[in-house]
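Trainee: Dropping a prediction and its sequence here:
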Amino acid sequence: MSNPNPNLIPTTNARALNTVEMIQMAVASQDPIRRAQILADAQSQLATALRSAVGECVSNKRSWSEIGQAIGLSKESAWRQWESQGPIVSLRATQAKATAATTGKPVEAIYAFQTEAGNWIGPYNALPDGEFKTAFMPFNPPNPEINRFATQTLRARYGPQDGDDVSFHAAMVIEPDGTQQRVRVTDEILNTLFGDGQTALRRALTTLVHAAIYGTDIDPAFRELVEHAATLQSTSTPTANELGDGTTTAEFVKAIQDVLDFGANARPSDPRVDQALQRLGAIVADYKAWASATS
């Protein structure tokens, strides 16, 4: 039997260790609200670590039946979560009654935020006027020394979102009239606040990869650039510069920019590829705004 992809192991280890540190912080805290907040954040980190571990299983050519059995999901559910490019959650929430998350109806969630420097992160113009609200969101994460948004009062924009794209994490926001309430957060915004900001970027690139593979009349040079970016995506980690354990984030983003530059000069004739390319361009702009705001 082959060994797991060694490029994935440091990523899994880093995410798992980050979860352990957060749990230790919760244990050390004497404030029950603070403990609950830290553990909720740790739950999200653990789901991301599980995704990385499942990636090792996929690289190891394990069947989805075997993977699903190991993590307590059906093979279909495990595969669907893997294909979504988001965190993998093996526990199902128990609720007193049907909610938007279980009925397929939209869920009110934060889908964009503005930093104190005035930069918007996320698709802030995704909803028309009247369908979203904007509130203040004091951001005090459990690891402020390594979080670039820590101690800022962000402006959160929230409104109806697809329940499948919304995490279980709920952030405290302050309405203009001073009212406080908790609002759930999309997976992409959660990743941007606590992770490396690349969830949306990776999803958009994956969509383009699929379109380029199955598209018609695709320039071989363009397809090669897309495949190269996809390869770097699978090996990039935020710690690569320090540990030499994979591709750096800068290399990964540059490879995506090469794809966009080529597409701008030789626009694909396949409409699915062209649409995926435009979507990737918009996400890259968001990511660069995030990187600029957090540098």
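Mentor: Thanks, I have it. Numbers count the residues shown, from 1 in each chain.
Trainee: only C-alpha atoms for contact and neighbour calcs from this point on.
Mentor: Noted.
Trainee: Show me where this structure has its helices.
Mentor: For the chain, applying DSSP state H gives helices covering 9-28, 32-59, 64-71, 75-83, 100-103, 187-194, 199-214, 220-235, 240-243, 249-265, 271-294.
Trainee: send the alpha carbons of the last one over as CSV?
Mentor: It refers to helix 271-294. C-alpha atoms of helix 271-294 as CSV (Å, rounded to 0.1, in the frame of the first residue of the first chain):
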residue,chain,number,x,y,z
PRO,A,271,-18.6,29.8,-22.1
ARG,A,272,-18.2,27.6,-19.0
VAL,A,273,-14.4,28.1,-19.0
ASP,A,274,-14.8,31.9,-19.6
GLN,A,275,-17.4,32.2,-16.8
ALA,A,276,-15.2,30.2,-14.4
LEU,A,277,-12.2,32.4,-15.3
GLN,A,278,-14.1,35.6,-14.6
ARG,A,279,-15.3,34.2,-11.3
LEU,A,280,-11.7,33.3,-10.4
GLY,A,281,-10.6,36.9,-11.3
ALA,A,282,-13.2,38.4,-8.9
ILE,A,283,-12.1,36.0,-6.1
VAL,A,284,-8.4,36.9,-6.7
ALA,A,285,-9.3,40.6,-6.3
ASP,A,286,-11.0,39.8,-3.0
TYR,A,287,-8.0,37.7,-1.9
LYS,A,288,-5.5,40.5,-2.7
ALA,A,289,-7.6,43.0,-0.8
TRP,A,290,-7.5,40.6,2.2
ALA,A,291,-3.8,40.1,1.9
SER,A,292,-3.2,43.9,1.6
ALA,A,293,-5.4,44.5,4.6
THR,A,294,-3.6,41.9,6.7
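Trainee: Report the contact partners of residue 156.
Mentor: By CA atoms under 8 Å, 6 or more residues apart in numbering, residue 156 lies in contact with 110-114, 134-137, 173.
Trainee: picking up where we left off before, which of the helices of the chain sits closest to residue 161?
Mentor: Nearest to residue 161 among these is helix 100-103 (10.0 Å), distances taken as CA to CA.
Trainee: comparing the helices of the chain, which gets the lowest mean pLDDT score?
Mentor: The weakest mean pLDDT among the helices of the chain belongs to helix 240-243, with a mean of 37.
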